[in-house]
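A.B. asks: What would the 3D arrangement of this be:
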Amino acid sequence: MRPFVVLAGAGIGACALAWLLRVIESTKSCHITNAISNEFEPIRYKFNSTIYIINTTEKCRKVIRMFQSQCERFPVLGFDCQWEQYGSYRKKVALLQLVCDGGLCALIKLRDMDEIPSELFRLLGDPSILKVGMEPQNKAYNLWADYRISVKGTLDLSTMYVSCGMYYTRSLAELALKVLNRNMMRMRPLRDSDWNQPILNAYQIKYAEEVAYVSFELFLKLGEKAALCSMWTGRKIWLSELRSKFSNEIIYSNKYNRSGECLMVVDDLLNPMFV
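C.D. replies: As a prediction, this is how the structure comes out:
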């Protein structure tokens, strides 16, 4: 009887130790987030991606040059934005998320920068670089309305999904589950968190990275199903065929909102409901 008690006690002790290590690791993640807020240093999470949190013009210039170099080899960006919304009112876009081939991820805090660098305008305005995501045209419209940033070459993942014989959906979580077998439902509440706070917490960073990264991965997966040739025949040929197939769906102007939903942008300081 004693060996069983000893083994049971050891098992409980191991479980308790594993739980304690998870708590410590979670705490470390939060400290890492605060530590990098004023440094141009990347952090890494579960997707083997390199994440840069950008809050100054000079940092933005540096990271966009990295993106431009990667896009010369494979001109596709996972693209998303975050802002706070209250009914028919919204604040300005607070965060721009970009992911490119090679796992480079940038979380750009637009409202923290004194000036948006010309490098970012050129990257997003380059029609030869695809910007893929869920309803990217609506986010492009908000960037134009808030900062006069022109985003050209957007492609909606829902359109690609429908071309594969599936029904239309506006949910990235649903697409991720059906196409990548990745469950993102637990992270959905973070979409409505405070994206204007000075330092993003670890959970916001994970959510922002995952949305942009999953958008990029969905493009690759849906592209494999939609294209006639395999990516192994050559990435440039494969991508050229996709661009040709979805030529009528790639949007080169962002001066209108494709969904027809019109939200009033408010100044936080003038409207007491947002203070």
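A.B. asks: contacts and neighbour counts: CA atoms only from here.
C.D. replies: Fine.
A.B. asks: residue ranges with poor pLDDT in the protein?
C.D. replies: By pLDDT under 70, the low-scoring segments of the chain are 1-49, 185-189, 228-233, 254-275.
A.B. asks: Show me the helices in it, by range?
C.D. replies: Taking DSSP state H, the helices of the chain run over residues 2-35, 57-73, 118-125, 136-147, 157-163, 172-175, 202-226, 235-245.
A.B. asks: how far does stretch 166-183 stretch from start to finish?
C.D. replies: Counting by CA to CA, to the nearest Å, you get 19 Å between the two ends of stretch 166-183.
A.B. asks: before we move on, the earlier item: tell me which of the helices of the chain sits nearest to Leu95.
C.D. replies: Proximity to Leu95 (CA to CA) singles out helix 202-226 among the helices of the chain, at 8.7 Å.
A.B. asks: could I get the helices of the chain as TSV with distance to Leu104 and mean neighbour count?
C.D. replies: Putting the helices of the chain into TSV (distance: least, CA to CA, whole Å; neighbours: other CA atoms under 10 Å) gives the following:
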stretch	distance to Leu104	mean neighbour count
helix 2-35	17	12
helix 57-73	8	17
helix 118-125	15	17
helix 136-147	19	21
helix 157-163	20	20
helix 172-175	20	20
helix 202-226	9	21
helix 235-245	18	16
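A.B. asks: right, and these - which one's nearest Val99?
C.D. replies: Nearest to Val99 among the helices of the chain is helix 202-226 (5.9 Å), distances taken as CA to CA.
A.B. asks: relative to helix 235-245, how tilted is that closest one?
C.D. replies: Per axes from the mean of the first three to the mean of the last three CA atoms, to 10 degrees, the angle that helix 202-226 makes with helix 235-245 is 80 degrees.
A.B. asks: helices or strands up against helix 202-226?
C.D. replies: With contacts taken as 3 or more CA pairs under 8 Å, 6 or more residues apart in numbering; DSSP states H and E, helix 202-226 sits against helix 2-35, strand 76-82, strand 95-100, strand 104-109, strand 130-133, helix 157-163, helix 172-175.
A.B. asks: That one: how far from the chain's middle?
C.D. replies: 7 Å (CA atoms, centre = their mean, to the nearest Å).
A.B. asks: Stretch 118-135 now?
C.D. replies: Distance of stretch 118-135 from the chain centroid (CA atoms, centre = their mean) equals 13 Å.
A.B. asks: Next up, the contacts around the residue nearest the centre of the chain.
C.D. replies: Per CA atoms, centre = their mean, the C-alpha nearest to the average position across the chain is that of Ala212, at 2.3 Å. Listed by CA atoms under 8 Å, 6 or more residues apart in numbering, the contact set of Ala212 reads 78-80, 97-99, 133.
A.B. asks: for Gln70, same thing?
C.D. replies: By CA under 8 Å, 6+ apart, the neighbours of Gln70 are 100-102.
A.B. asks: got it, and Gly125?
C.D. replies: If you count contacts by CA under 8 Å, 6+ apart, Gly125 has them with 149-153.
A.B. asks: Return the closest of the residues you listed with respect to Leu239.
C.D. replies: Nearest to Leu239 among those, with distances taken as CA to CA, is Gly153, at 13.3 Å.
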